[in-house]
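Peer 1: sequence and predicted model, in that order:
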Amino acid sequence: MHITTDFFPGAIGQIIQMHGTHYAKHWGFTSYFEAKVAHQIAKFTLDKQDTDLILIAQDDQGVAVSLILDLHDPESGTRGAHLRWFICADRCRGTGMGRKLMTEAVAHAESHTNGKIWLRTFAGLEPALHLYCSFGFVLHAEQEGDVWGTVVKEQEYHRAGSN
């Protein structure tokens with residue numbers, strides 16, 4: 001498995017497809033969600049800055065794991081870096097690759113935001129939530145909503161970092 005720190009040709013499309021197919025299969029999300037991911041990741045890509053972090057693990061089948069740490073999301077305010085588009089292909093679940101990328105992301109945040117990171121997710125993603133909590137993320141807010149085009153219990157987690 002090879003880890004890159006920038007998008008390579010086809011990577012953005014693969015990340016969007018991974019999100020679209022995974023969340024449709026396991027959570028009933030519609031093409032609305034896939035389009036939202038496409039819109040947001042395209043905007044990030046066009047606006048990304050040198051201190052943002054892109055981590056993509058790839059194997060002979062393409063993108064295996066992605067994790068983006070957006071340090072310039074205008075929505076972040078004082079919450080620090082925004083952890084986005086973190087997903088593991090089914091073939092990589094349980095291999096430790098997600099933990100490896102998360103370790104790199106936390107180290108990057110320690111250098112740039114005093115370790116402050118936040119993310120949005122939803123209830124029921126137990127393996128991901130277990131990983132987030134093991135890195136010091138705590139539930140900050142929870143409410144039922146449909147920001148992803150499907151009604152779920154939306155959650156926001158924060159990592160306080162070293163301050």
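Peer 2: Good, I have the coordinates. Not measured: the values here are computed from a predicted model. Residues are numbered from 1 along each chain as shown.
Peer 1: give the residue spans of the chain that score low on pLDDT.
Peer 2: Counting by pLDDT under 70, the ranges of the chain that qualify are 162-163.
Peer 1: how about the helices in it?
Peer 2: With DSSP state H as the criterion, the chain has helices at 11-27, 31-47, 97-112, 126-134.
Peer 1: nearest to Q61, of those helices?
Peer 2: helix 11-27 (9.5 Å; C-beta to C-beta). All C-beta spots, glycine's among them, are computed from the backbone N, C-alpha and C.
Peer 1: and that closest one with helix 31-47, angle?
Peer 2: 150 degrees (axes from the mean of the first three to the mean of the last three C-alpha atoms, to 10 degrees).
Peer 1: hmm, who's touching helix 11-27?
Peer 2: Under the criterion C-beta atoms under 8 Å, 6 or more residues apart in numbering, residues 4, 29-31, 33-34, 37-38, 41-42, 45, 56, 58, 62-63, 66, 85, 87, 89-90, 124, 148, 150, 152 lie in contact with helix 11-27.
Peer 1: how far does stretch 95-102 sit from the chain's center?
Peer 2: 12 Å (C-alpha atoms, centre = their mean, to the nearest Å).
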